[in-house]
Structures are given as structure tokens and as C-alpha cells.
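1. sequence? don't have it. structure:
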Ligand SMILES: [Fe+2]
């Protein structure tokens with residue numbers, strides 16, 4: 001379980017520093033709030049409200065669909081993050097707590113084996129009942145119980161770490177809620193827009209800045225006092241060979257050059273498993289791209305939009321990122337190289353546009369140990385066969401980014417807001 005304590009760690013501010021890092025970045029907007037009960041009530045209200053704000057454009061029908069086994073229905077996300085508070089906070093700490101519906105533990109437990117049996121992940125779209133309105137009532141029930149518990153407890157210090165991880169957990173699902181509905185909408189030939197006013201965030205212009213040298217012994221991981229997940233600890237030293245990281249993200253224009261040069265049809269550019277995925281999945285362009293009358297379009301949160309050559313490439317898998325880097329005569333940075341460069345403020349668009357694939361396998365840091373109990377299942381049991389992404393994306397909620405954050409997905413995954421930047425060893 002992530003280490004934490006009853007301190008002010010959920011940032012309520014909408015502002016994001018260029019290098020978010022609770023160990024050394026901007027102070028939380030609520031740093032001066034003296035009453036911890038008030039702080040946690042406000043943090044809880046803010047994060048829970050953001051989930052509902054993201055769901056507001058979706059109809060009840062939108063909320064039920066599960067477009068692939070990896071994606072979950074919006075309604076399920078809303079209920080699952082609520083179950084998390086019920087299971088790990090209320091059932092264990094609220095005297096006399098009465099569950100909203102005992103059957104929900106089965107429906108909305110995700111992967112916590114220690115917490116009991118659960119509904120099969122690929123069949124979450126079959127849960128037509130409870131309906132969206134009943135999930136709203138479930139959320140309200142839990143909201144009231146958590147608020148009352150924060151107000152009445154005699155031991156806030158014991159509860160606050162559970163509230164805290166529950167809020168960070170909900171923020172993770174807020175991002176998944178958008179990536180999952182985008183995947184569902186991408187399968188609808190009418191190209192529904194989640195938000196017709198949606199636009200790509202502004203970023204640095206590709207290729208306008210020099211690459212950044214990194215070398216020597218550096219400390220990575222979370223060393224500070226703020227919240228982090230357990231997989232960011234322990235902080236430790238790493239030795240980096242001289243390497244240069246690109247300041248900017250790889251753009252759609254560069255990706256079009258890769259495509260025009262036969263990148264997807266050149267086996268020598270690809271890892272064996274990667275080229276097998278190209279052949280099996282029929283990949284010839286990034287996820288959600290489609291060619292109409294000779295022009296490339298991409299499905300976005302704003303519906304179908306023309307591909308902007310200047311915008312960062314998005315919805316590429318690790319295998320594609322790796323092949324592109326090989327085509328460019330470079331490679332992907334390791335997660336340590338990325339973190340050192342990010343902490344130095346040397347990366348443009350490190351946060352808030354696309355997650356960036358690294359060449360690092362998701363594995364435990366030296367000295368990592370899984371904590372006891374069901375929450376020990378949060379991260380540690382996934383530390384095999386996946387690759388680390390760093391930074392954050394346009395869908396990451398405010399206050400959820402930091403330099404030591406380790407996101408991870410299977411190397412074939414393309415439905416997240418995933419892109420890349422390149423690195424090159426010095427001669
Ligand atoms: Fe979850």
C-alpha cells in the first residue's frame with residue numbers, strides 16, 4: 001500500500017507546474033488550511049465531483065457499453081471507485097455502517113482477490129442493473145457516509161491514508177473513464193463527440209529545441225513528504241550513461257514520414273512480438289487514425305478531426321514507439337533517464353499532453369516490498385510483462401501528476417493517450 005499520512009496531499013488547485021513533484025514542486029493550494037477534517041472533506045468533495053463532471057456529457061446508454069475487455073463502462077467506473085471507499089474505508093472504520101447493497105461488492109470489485117469474489121472483467125458491459133440512476137444513489141450514499149466519518153472519527157490519522165489513496169484511485173479512473181468512452185465512440189460510425197469543443201492542448205513545437213544531455217549518478221523515485229503510490233518507492237540512485245533526450249514529443253508529421261517510408265511494413269524495425277502484433281492487428285497507422293479521400297483523420301474526444309502534423313502523435317503502442325525510434329536511429333529513454341531530465345526541467349510537454357513510453361519494463365525498485373492486506377494488490381502484482389510510461393496526459397486530472405509517477409501498460413495497448421519522445425546515446 002502506498003505510504004501516506006494524514007497530511008495535505010491532494011492538490012485542489014487547477015494549476016499545474018511544469019514539473020509536478022510533490023517532493024519539490026509547487027506547494028498545494030491548501031497548504032495553509034489548519035483543519036484536517038475540513039481539508040479532507042474538501043478534497044473528497046472535489047475529486048468525487050470531478051468524476052461526475054466527466055460523466056455529465058454521457059447518456060445512460062453511453063455509460064453501459066464495454067467496447068473491449070480492457071475498457072470498462074463509465075457506470076462501472078463510477079460504481080467501482082465508490083465501492084473502493086465502501087470496502088476499504090467504511091466497512092472497516094465506520095461503526096455500524098450499513099452497505100448500500102451487499103451485492104455491489106461482487107459487481108464492482110475489480111481485481112482485489114483478498115476482498116472476495118468478483119464479476120468477470122470482460123463482462124462488465126453486461127451489468128445493465130443497477131442502472132445509472134441507482135449508481136448515482138450509491139455514490140450519494142457513500143459520499144454521505146464518508147463525510148460523516150471524517151467529521152465524527154476520533155482517529156483521523158488512521159483514516160486519512162485510506163481516504164487519500166481512494167481519491168488518487170478515483171483520479172486514475174477519471175482518466176480511464178475518458179480513454180474508455182473514446183474507444184467506445186471510435187467504434188460508432190457517426191463519430192460521436194464526447195465534447196464538441198474539445199481541442200488538443202497547446203504544446204511546444206516539435207523539433208524546435210535542442211536535445212538535453214543526461215549522465216552520471218542520480219536519485220530517482222519518490223523521496224518527499226507528499227503522496228505517492230508504493231511503486232514509486234524506495235527512492236534510489238541510478239547510473240546513467242551519457243544520453244540526450246529530445247526536449248519535444250514526436251509529432252504526427254514525423255509519424256507520417258515513418259509511415260510513408262514503409263515503417264509498418266519493414267520487419268527489421270520491429271521487435272518480434274511487435275511485428276506479430278502489426279500483422280495480427282493489421283496496424284498501418286496510430287490508433288483511431290483513418291484515411292478519408294487521401295487525408296488522415298483521427299477519432300478524438302471532439303469527434304473525428306483532421307490529423308494535425310504539428311500535434312504530438314497519440315494512441316501508439318510500445319511496439320510502435322520502439323519501431324519508430326529504431327527507424328529514427330534513436331531509442332526510447334529509460335524511465336530513469338526520463339525522470340532525471342524531467343526533474344531538471346529539461347523536457348517540454350513532459351506533463352499534460354501524452355504519456356510517454358519508456359524502454360523500461362515495469363518492475364519493482366530495489367528494496368520494494370508489497371504491504372500486507374488487500375491494498376497490497378494495488379500495484380505490486382502487476383510488475384511483470386508491462387512497460388512504464390512517464391509524464392501524464394491531457395486526460396490526467398489536475399493534481400495527479402509528478403516526476404516520479406510510474407504508469408504502466410501492456411506493450412500492445414493503444415487506447416490510452418500514449419505517445420513518445422526520443423533519446424540518443426552520446427558517442
Ligand atoms: Fe480501480
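-> Arrived safely. Everything numeric here is computed off the predicted structure, so don't read it as measured data.
2. switch to C-alpha atoms for all contacts and neighbour counts from now on
-> Noted.
3. what's the neighbour count on the residue nearest to residue 258 when sequence neighbours are not counted?
-> In this structure, residue 258 finds its nearest non-sequential neighbour in residue 324, 6.8 Å apart by C-alpha to C-alpha, 6 or more residues apart in numbering. Residue 324 is surrounded by 25 other residues when neighbours are defined as other C-alpha atoms under 10 Å.
4. would you say residue 324 is within a helix?
-> Yes - Residue 324 sits within a helix when classified using DSSP: H, G, I helix; E, B strand; the rest coil.
5. quick one: residue 52 from residue 146, how far?
-> 17 Å (C-alpha to C-alpha, to the nearest Å).
6. quick one: the helices in the stretch 1-150 of the chain?
-> 36-55, 74-85, 91-93, 104-108, 132-152 (DSSP state H, counting those that start in this stretch).
7. what packs against the first one?
-> This means helix 36-55. helix 132-152, helix 156-186 (3 or more C-alpha pairs under 8 Å, 6 or more residues apart in numbering; DSSP states H and E).
8. Figure out which of those is closest to residue 394.
-> Among those, the nearest to residue 394 by C-alpha to C-alpha is helix 156-186 (8.8 Å).
9. In the closest one, which residues are buried?
-> 156, 159-186 (16 or more other C-alpha atoms under 10 Å).
10. Listing request: residues of the stretch 1-150 of the chain with sub-threshold pLDDT.
-> For the stretch 1-150 of the chain, the stretches with pLDDT under 70 are 1-33.
11. same question, the stretch 201-350 of the chain
-> Low-confidence regions of the stretch 201-350 of the chain, defined by pLDDT under 70, span residues 206-210.
12. need the strands for it, in chain order.
-> Per DSSP state E, counting those that start in this stretch, the stretch 201-350 of the chain carries strands over the ranges 212-220, 236-245, 289-292, 295-300, 303-306.
13. ok, residue 323 to residue 330 distance?
-> When distance is defined by C-alpha to C-alpha, residue 323 is 10 Å away from residue 330.
14. Repeat that for residue 223.
-> 31 Å.
15. Over to residue 224?
-> In terms of C-alpha to C-alpha, residue 224 sits 33 Å off from residue 330.
16. neighbour-wise, which of the two wins?
-> Between residue 224 and residue 330, counted using other C-alpha under 10 Å, the more crowded position is residue 330 (17 against 12).
17. Next, the buried residues of stretch 92-107.
-> Buried-residue list, stretch 92-107, by 16+ other C-alpha under 10 Å: 93, 94, 99, 100, 104, 105, 107.
18. meant to ask about stretch 282-302, not that
-> Buried, per 16+ other C-alpha under 10 Å, within stretch 282-302: 285-290, 296-302.
19. In those residues, find the pair that's most separated.
-> Once C-alpha to C-alpha is applied, the buried residues of stretch 282-302 give 285 and 302 as the farthest pair, at 19.7 Å.
20. Now do the domain split for the protein, please.
-> Using automatic domain parsing, the domain parsing of the chain gives 36-186, 212-425.
21. Quick check: which of the ones you listed is nearest to residue 193?
-> Of these, nearest to residue 193 by C-alpha to C-alpha is domain 212-425, at 4.0 Å.
22. ends of the closest one, how far apart?
-> First-to-last distance for domain 212-425 - C-alpha to C-alpha - comes to 11 Å.
23. Can you give the distance from it to the centre of its chain?
-> 11 Å (C-alpha atoms, centre = their mean, to the nearest Å).
24. for stretch 166-182, same thing?
-> 7 Å.
25. I'd like to know the average pLDDT value across that stretch.
-> The average pLDDT within stretch 166-182 is 98.
26. For residue 424, list each beta-bridge partner.
-> Beta bridges link residue 424 to residue 244 when assigned by DSSP bridges.
27. burial measure for it, as a count.
-> By the criterion of other C-alpha under 10 Å, residue 424 has 20 neighbours.
28. Pull the residues that contact stretch 328-347.
-> The set of residues that contact stretch 328-347 without belonging to it, under C-alpha atoms under 8 Å, 6 or more residues apart in numbering, is 18-19, 212, 214, 218-220, 238, 240, 243, 245-248, 321-322, 325, 350, 357-360, 388-390, 403-404, 420-424.
29. related to what we said a few turns ago, now the helices and strands packed on helix 36-55 as CSV including distance to residue 279?
-> Output for the helices and strands packed on helix 36-55, formatted as CSV (distance: least, C-alpha to C-alpha, whole Å):
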stretch, distance to residue 279
helix 132-152, 39
helix 156-186, 21
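30. Tell me which of these sits nearest to residue 47.
-> Residue 47 sits nearest to helix 156-186 of all the helices and strands packed on helix 36-55, at 6.4 Å, using C-alpha to C-alpha.
31. and the angle for the closest one with helix 74-85?
-> Here the directions of helix 156-186 and helix 74-85 differ by 170 degrees (axes from the mean of the first three to the mean of the last three C-alpha atoms, to 10 degrees).
32. Pull the distance from helix 156-186 to the chain's centre.
-> Taking C-alpha atoms, centre = their mean, one finds helix 156-186 lying 9 Å from the centre of the chain it belongs to.
33. Likewise for stretch 69-85?
-> 15 Å.
34. Name the residues that touch it?
-> 51, 55, 62-66, 104-105, 108-110, 121-125, 132, 135, 138-139, 142, 146, 162-163, 166, 169-170, 173, 176-177, 180-181, 183.
35. Pick the one among the buried residues of stretch 92-107 closest to residue 281.
-> For these, the nearest to residue 281 is residue 107 (31.1 Å; C-alpha to C-alpha).
36. any idea how far the closest one is from residue 146?
-> Counting by C-alpha to C-alpha - residue 107 and residue 146 are separated by 21 Å.
37. do residue 87 as well
-> From residue 87 to residue 146 the distance is 12 Å (C-alpha to C-alpha).
38. neighbour count winner among those two?
-> residue 146 (21 against 15).
39. May I ask you to confirm that that one is in contact with residue 88?
-> No - judged on C-alpha atoms under 8 Å, residue 146 makes no contact with residue 88 at a distance of 11.3 Å.
40. re the thing from before, export the buried residues of stretch 92-107 as a markdown table, with columns for distance to residue 275.
-> What follows is the buried residues of stretch 92-107, written out as a markdown table (distance: C-alpha to C-alpha, whole Å):
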| residue | distance to residue 275 |
| --- | --- |
| 93 | 51 |
| 94 | 53 |
| 99 | 49 |
| 100 | 49 |
| 104 | 42 |
| 105 | 41 |
| 107 | 37 |
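41. which of those lies closest to residue 369?
-> Out of the buried residues of stretch 92-107, the member with the shortest distance to residue 369 (by C-alpha to C-alpha) is residue 93, at 25.2 Å.
42. That closest one reaches residue 159, doesn't it?
-> Yes - between residue 93 and residue 159 there is a contact under C-alpha under 8 Å: 7.5 Å.
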